[in-house]
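> Compute the structure for the input listed below.
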Amino acid sequence: MSEKIRALIVDDEELARLRIRDLLAAAPDVEITGEYEDGTAAIRAIRADPPDLMFLDIQMPEIDGFGVLRAVEAARIPAIVFVTAHDEYALEAFECAALDYLLKPFDRERFQMALDRARQRIREHETDAFREQVGELLAALDRQPLQRLVVKEAGRISFINLREIRWIEAQGNYVKIHTSRESPLMRRSMIEIEKRLDPTCFARIHRSSIVNMERVRRLDPLPHGEYRITLDDGTELISKRGFRQFLRRHFPDLA
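Presented below is the predicted three-dimensional model:
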């Protein structure tokens, strides 16, 4: 490790990156070697030149902070100060794995505390133990489905309880979350969303559709093994034959 601690800042919000940069200005032993607003760029940077420390936002478009960690080889994972909005599910996982995190918005004192812990870990060469804790964190996240979605729109963060969702629709690089109140867009892939949802409640019925099965009111068979699915608000969706096995989990008597 070089004399200075080489740090990356990874956060999709410009103001958040600026806040961390300003707070690090008071740490002469830390050198910022890069700032990134998305997980894909962060993964490339870590693989090319692993830093000593990373300030990692959890809620980011396309690839979130957990996706970054899963994509990077374990040996290249640096010490991390996690940065997150209020998410009870994620915070519980952090605590189970004994990992520190910054909860937005954070003040200078709390930031300094997290930085001091990371600095000590780096100076005492405890990276291997930290990587084990990261593995425990990811395992804890994988064991439990999401309880709600964290949606960033127009600079604000909102939360959607999964029971409120009727269905989820793919729209290019986004997904639209259909609820009774609103239909916000999230910059996520259908595959990423599907992995985090409880399969006992949600089913993929089409490459562009995931349905909350508690909202299903009627199934009508169509030719070629397809079904017309009617939701509780009258929305009609088509389940393609290639996704029929997901419907059978909820309706075993389907042909």
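
> so where's the stretch 151-255 of the chain shaky on pLDDT?
Filtered on pLDDT under 70, the stretch 151-255 of the chain yields the residue ranges 153-157, 255.

> run the last query once more with 80
Counting by pLDDT under 80, the stretch 151-255 of the chain shows low-confidence ranges at 151-159, 173, 187-188, 192, 196, 252-255.

> quick one, strands of it?
156-161, 165-171, 174-179, 185-186, 202-206, 209-212, 216-221, 227-231, 236-239 (DSSP state E, counting those that start in this stretch).

> and those as JSON lines, adding distance to residue 251 and mean neighbour count?
The C-beta positions use only the backbone N, C-alpha and C, and glycine is treated the same way. Putting the strands of the stretch 151-255 of the chain into JSON lines (distance: least, Cβ to Cβ, whole Å; neighbours: other Cβ atoms under 10 Å) gives the following:
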{"stretch": "strand 156-161", "distance to residue 251": "25", "mean neighbour count": "12"}
{"stretch": "strand 165-171", "distance to residue 251": "16", "mean neighbour count": "19"}
{"stretch": "strand 174-179", "distance to residue 251": "21", "mean neighbour count": "19"}
{"stretch": "strand 185-186", "distance to residue 251": "28", "mean neighbour count": "19"}
{"stretch": "strand 202-206", "distance to residue 251": "9", "mean neighbour count": "23"}
{"stretch": "strand 209-212", "distance to residue 251": "12", "mean neighbour count": "23"}
{"stretch": "strand 216-221", "distance to residue 251": "7", "mean neighbour count": "13"}
{"stretch": "strand 227-231", "distance to residue 251": "9", "mean neighbour count": "19"}
{"stretch": "strand 236-239", "distance to residue 251": "10", "mean neighbour count": "16"}
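
> quick one: contacts for the residue nearest to residue 190 when sequence neighbours are not counted?
Closest residue to residue 190 apart from its sequence neighbours, by Cβ to Cβ, 6 or more residues apart in numbering: residue 170 at 4.8 Å. Residues in contact with residue 170 (Cβ atoms under 8 Å, 6 or more residues apart in numbering) are 190, 207, 208, 209.

> Residue 175 is in contact with the last one, correct?
When you say that, I think you mean residue 209. No - contact status for residue 209 versus residue 175: not in contact, 10.1 Å apart, counting by Cβ atoms under 8 Å.

> So for the two, which residues contact both of them?
Each of 168, 169 lies in contact with both residue 209 and residue 175 under the rule Cβ under 8 Å, 6+ apart.

> Could you check how far residue 212 is from residue 228?
Distance from residue 212 to residue 228, counting by Cβ to Cβ, to the nearest Å: 17 Å.

> So which residues of the protein form helices?
For the chain, applying DSSP state H gives helices covering 14-24, 39-48, 65-71, 88-96, 108-123, 127-143, 190-196, 244-250.

> Reformat the strands of the stretch 151-255 of the chain as a markdown table; add distance to residue 66.
Putting these into a markdown table (distance: least, Cβ to Cβ, whole Å) gives the following:
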| stretch | distance to residue 66 |
| --- | --- |
| strand 156-161 | 17 |
| strand 165-171 | 19 |
| strand 174-179 | 17 |
| strand 185-186 | 15 |
| strand 202-206 | 19 |
| strand 209-212 | 20 |
| strand 216-221 | 30 |
| strand 227-231 | 30 |
| strand 236-239 | 29 |
